[in-house]
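K.L.:
sequence first, then the predicted structure, then my questions.
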Amino acid sequence: MEQTEPRLLLCTDLDRTLIPNGTAPEDPWARKMFSRLSCHPQVTLVYVTGRDRHLVLDAIAHYDLPQPGYAVTDVGSTIYQITNGDWSRLEAWNLHLQKDWPNGASERIRVLVSGISGPTLQEEGKQNTFKVSYYLPLPLNANEIMDRVGQMLQREGIAANPIWSIDEIEGVGLLDILPARADKRQAVRFLQQQLGYGDEEIVFAGDSGNDLQVINSDISSILVANAAAEIKQAALEWAQQNHQTQALYIARGGLLAMNGNYSAGILEGICHFQPAYKSYLMRGAA
């Protein structure tokens, strides 16, 4: 059969985007259809997540997720290439980050942030060469903490990127301090360029605040239907203000009678941006 579907670099967040670990119901067939799509010869699957490698592997096993070709982990500070189950760090990304993050940067950040009330250093297993991570109690003024950290790092001449998010399951705030060159969006763009994909050949899917790094850009992006209303509103307002509404799709359900939550929303958005895949999915659903 002649191949009609285009190349697709499919980048997706995990928790509450592909993984149904939120409160919204999951469509019973969606994850199987997503797995079928990810096996398409024209699709390269990339997981983009705050999880580290071990937690990604746990999720793959627990939720029977398809194996990705690449994984952007640790909030964008690490990129892995996966070949026959072997995970190897993308050395080109490490070299790229080192330009902002000389030896000793992580230790300097730990000393500096220790003088601020609120942040508590996360476990050593959650730190890496290009990421210093903290817990922050809820409720608190996250903007004030972020401003203080950002100003302090700037004064010290450290080119860093502080990223704020919330662990909804644990009910705790998360502060990750990365090199200025690192976050989900920059890692996705770097991988796109390394693999030689055009802008029309990449799609990202997410649901939460730290996914806005990618969604609030010109990358074709999907918000699954179970994303919080405030995230949808923030993404829509940014897209309207920056004339990027054509790059944003907010899933609402209806594709193949599915509800648009989690993987169903990812599939719905893919069919919006790459309509050729709709007939492929329909053939599999028949």
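P.N.:
On my side now, so go ahead. Numbering: from 1, shown residues only.

K.L.:
give me the distance between residue 230 and residue 140.
P.N.:
According to Cβ to Cβ, to the nearest Å, residue 230 and residue 140 sit 18 Å apart. All C-beta atoms are positioned from the backbone trio N, CA, C, and that covers glycine.

K.L.:
which of those two has more neighbours?
P.N.:
With neighbours defined as other Cβ atoms under 10 Å, residue 230 and residue 140 compare such that residue 140 has more, 13 against 9.

K.L.:
residues in contact with the more buried one?
P.N.:
Contact analysis of residue 140 by Cβ atoms under 8 Å, 6 or more residues apart in numbering lists 118, 173.

K.L.:
I figured residue 204 hits residue 11, correct?
P.N.:
Yes. With contact defined as Cβ atoms under 8 Å, residue 204 reaches residue 11; the gap is 4.5 Å.

K.L.:
mind listing what's buried along the lowest-mean-pLDDT helix or strand in the chain?
P.N.:
Sorting the helices and strands of the chain by mean pLDDT, DSSP states H and E puts helix 276-285 at the bottom, at a mean of 85. Residues of helix 276-285 classed as buried by neighbour count (16 or more other Cβ atoms under 10 Å): 277, 278, 280, 281.

K.L.:
looking at it, the first one is touching residue 38, isn't it?
P.N.:
Same thing as residue 277. No. Taking Cβ under 8 Å as the definition, residue 277 is not a contact partner of residue 38, at 11.4 Å.

K.L.:
show me the domain layout of the chain.
P.N.:
Here the domain assignment for the chain is 8-94+182-285, 100-179, based on automatic domain parsing.

K.L.:
buried deepest among the ones you listed, which one?
P.N.:
domain 8-94+182-285 (a mean of 19; mean count of other Cβ atoms under 10 Å).

K.L.:
residue contacts, residue 272?
P.N.:
Residues in contact with residue 272 (Cβ under 8 Å, 6+ apart) are 222, 249.

K.L.:
now do 10 Å
P.N.:
203, 220, 222, 249, 250, 251, 255, 278 (Cβ atoms under 10 Å, 6 or more residues apart in numbering).

K.L.:
just the closest of those residues to residue 32, please.
P.N.:
Relative to residue 32, the closest of the contacts of residue 272 is residue 255; by Cβ to Cβ it sits at 14.4 Å.

K.L.:
in space, what's closest to that closest one - neighbours in sequence excluded?
P.N.:
Nearest non-adjacent residue to residue 255, counting by Cβ to Cβ, 6 or more residues apart in numbering: residue 268, 4.2 Å away.

K.L.:
so the one you found touches residue 275, yeah?
P.N.:
No. Contact criterion Cβ atoms under 10 Å: residue 268 and residue 275 do not qualify, at 11.6 Å.

K.L.:
hmm, back to that, save the buried residues of helix 276-285 as TSV, and put in distance to residue 133 too.
P.N.:
Below are these laid out as TSV (distance: Cβ to Cβ, whole Å):
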residue	distance to residue 133
277	36
278	40
280	40
281	38
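
K.L.:
circling back: now do the least confident helix or strand of the chain: which elements does it pack against?
P.N.:
In terms of contacts (3 or more Cβ pairs under 10 Å, 6 or more residues apart in numbering; DSSP states H and E), helix 276-285 is packed against strand 8-12, helix 30-38, helix 263-273.
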